[in-house]
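Student: Fold the following.
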Amino acid sequence: MALALAPAPEDHPDSAPAAPVSRRSALRAAAATAVAATAVAAPVAAYGAGPAYAAGRGRGLRVMTFNLRYAADTPPHSWAERRPVMRALLRREAPHLLGTQEGLYGQLRDIAADLGPRYDWVGTGRGGGSRDEFVALFYDVHRLVPVEYDHFWLSGTPRLIGSATWGNTVIRMVTWVRFRDLRAGGECYALNTHLDHAHQYARERSAALITERLAALDPALPRIVTGDFNVAAHHNPVYDAMLGGGTLVDSWDTAERRSAQYGTFHGYRPLVPDGDRVDWILTSPGVRTRRATINTFAEHGRFPSDHLPVQALLDR
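Tutor: Model (predicted):
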């Protein structure tokens, strides 16, 4: 089985323009010049030599976390310009599980259309319904089936839609899903989030709340946590809090193989080797990470987002 699954029983501003934002369906069965100056114009595959391996028949679970950069209309990095590159990347890598941040409702519908009928997604706007940005989870319906899901807001009133009480002016939230693995058997939890870009206190309180909520889930099932945490791995109390007590590990550190490291937020500027990883895939300690990748895919010098996607191939 793909995970150690139990038997089944911003440094960058986040103020997106007001636009519609929610989920495609509830659940299934329950300067460009600066970019051209980078040395990464050629695509890099995350799981092997090409898409045939990425979409192979193994039992490993392909996981991606990706801050999409919300859909803006202003060139040179408008959504219309970036969407073809995003489509090419996602079709090439074919993740089984994709945690997204910043997506607006129409943007997520575009991605769903580009991925095709093999995928569905779960999410709601952080302002409620289709309003504001999402932390949506896409999944391959041939591999994963949602059993239950929920959302909570990163505030002192986590059940209150759109709440923000810790000094952050941008609403922050979590989407989580309990999945059954059709290929490997068993179940796991996937939790996706996006912490505040400006307020350390809000980030620390958010990490504590997420840790508390994870502890309340079925302890027999492994966890996969994806997100843009807006702080560097290993260099912030938020990271320590998320990994505290051995309940989660960083798949980048535990991976048997990994790609070159780059700062995962590049802002459409040249990539920074060995830069800060602010986008993470965390797992339960019993989950084996066969490979971790920071994917530098670009086409004709254009990146699909101002972040690089982070990927992990998870197994026993």
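
Student: Which residues belonging to stretch 235-242 are considered buried?
Tutor: Across stretch 235-242, burial judged by 16 or more other Cβ atoms under 10 Å covers N236, V238, Y239, A241, M242. All C-beta atoms are positioned from the backbone trio N, CA, C, and that covers glycine.

Student: Now render the residues you listed as CSV, adding distance to G127 and pLDDT.
Tutor: Below are the buried residues of stretch 235-242 laid out as CSV (distance: Cβ to Cβ, whole Å; pLDDT from 0 to 100):
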residue, distance to G127, pLDDT
N236, 27, 97
V238, 24, 98
Y239, 28, 98
A241, 26, 97
M242, 25, 98
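
Student: export these to CSV and tack on secondary structure and distance to L115?
Tutor: Output for the buried residues of stretch 235-242, formatted as CSV (DSSP: H, G, I helix; E, B strand; the rest coil; distance: Cβ to Cβ, whole Å):
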residue, secondary structure, distance to L115
N236, coil, 33
V238, helix, 31
Y239, helix, 31
A241, helix, 33
M242, helix, 29
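
Student: What ranges does the stretch 101-250 of the chain have for its helices?
Tutor: According to DSSP state H, counting those that start in this stretch, the stretch 101-250 of the chain carries its helices in the segments 105-115, 200-215, 237-243.

Student: so where do the strands sit in this protein?
Tutor: Under the criterion DSSP state E, the chain carries strands at the ranges 61-67, 97-101, 119-122, 137-140, 144-153, 173-181, 187-194, 223-228, 249-250, 257-258, 279-283, 288-294, 310-315.

Student: how much does the second one deviate in direction from strand 310-315?
Tutor: Interaxial angle of strand 97-101 relative to strand 310-315 (axes from the mean of the first three to the mean of the last three Cα atoms, to 10 degrees): 150 degrees.

Student: So in that sheet, which strands flank strand 97-101, and in what orientation?
Tutor: In its sheet, strand 97-101 lies beside strand 61-67 (parallel), strand 137-140 (antiparallel), with partners assigned from DSSP bridges.

Student: so which of the ones you listed is the most packed in?
Tutor: Among these, strand 61-67 has the highest mean neighbour count (mean count of other Cβ atoms under 10 Å), at a mean of 27.

Student: so how many other residues sit close to P158?
Tutor: 18 (other Cβ atoms under 10 Å).

Student: in the sheet, who's paired with the nearest residue to it once chain neighbours are set aside?
Tutor: Nearest non-adjacent residue to P158, counting by Cβ to Cβ, 6 or more residues apart in numbering: F152, 4.1 Å away. Judged by DSSP bridges, the bridge partners of F152 are V174.

Student: ok, now which ones touch the nearest residue to F66 once chain neighbours are set aside?
Tutor: With sequence-adjacent residues excluded and distances taken as Cβ to Cβ, 6+ apart, F66 is closest to P309, at 4.0 Å. P309 makes contact with A46, M64, T65, F66, L89, E93, D279, I294, N295, F297, according to Cβ atoms under 8 Å, 6 or more residues apart in numbering.

Student: From W166, how far off is P309?
Tutor: In this view, P309 and W166 are 28 Å apart by Cβ to Cβ, to the nearest Å.

Student: returning to that earlier point: and the strands of the chain as CSV, adding mean pLDDT?
Tutor: Converted to CSV, the strands of the chain look like this (pLDDT from 0 to 100):
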stretch, mean pLDDT
strand 61-67, 98
strand 97-101, 99
strand 119-122, 98
strand 137-140, 98
strand 144-153, 98
strand 173-181, 98
strand 187-194, 98
strand 223-228, 98
strand 249-250, 98
strand 257-258, 98
strand 279-283, 98
strand 288-294, 98
strand 310-315, 97
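
Student: now for those strands, which one comes closest to R205?
Tutor: Nearest of the strands of the chain to R205, taken as Cβ to Cβ: strand 144-153 at 11.8 Å.

Student: mind listing what's buried in that closest one?
Tutor: In strand 144-153, counting by 16+ other Cβ under 10 Å, buried: L144, V145, P146, V147, Y149, H151, F152, W153.

Student: so what's the last one up against?
Tutor: Taking Cβ under 8 Å, 6+ apart as the criterion, W153 is in contact with R126, R159, L160, I161, G162, S163, A164, I171, R172, M173, V174.

Student: again, but for P304
Tutor: Applying Cβ under 8 Å, 6+ apart to P304 gives the contacts L68, R82, V85, M86, L89, F297, A298.

Student: From those residues, pick the one nearest W252.
Tutor: Closest to W252, out of all of these and judged by Cβ to Cβ, is F297, at 17.9 Å.

Student: any idea how far that closest one is from D228?
Tutor: For F297 relative to D228 (Cβ to Cβ), the value is 18 Å.

Student: Compare these two and say which one has the larger neighbour count.
Tutor: Using other Cβ under 10 Å as the criterion, F297 and D228 rank with D228 on top: 29 against 22.
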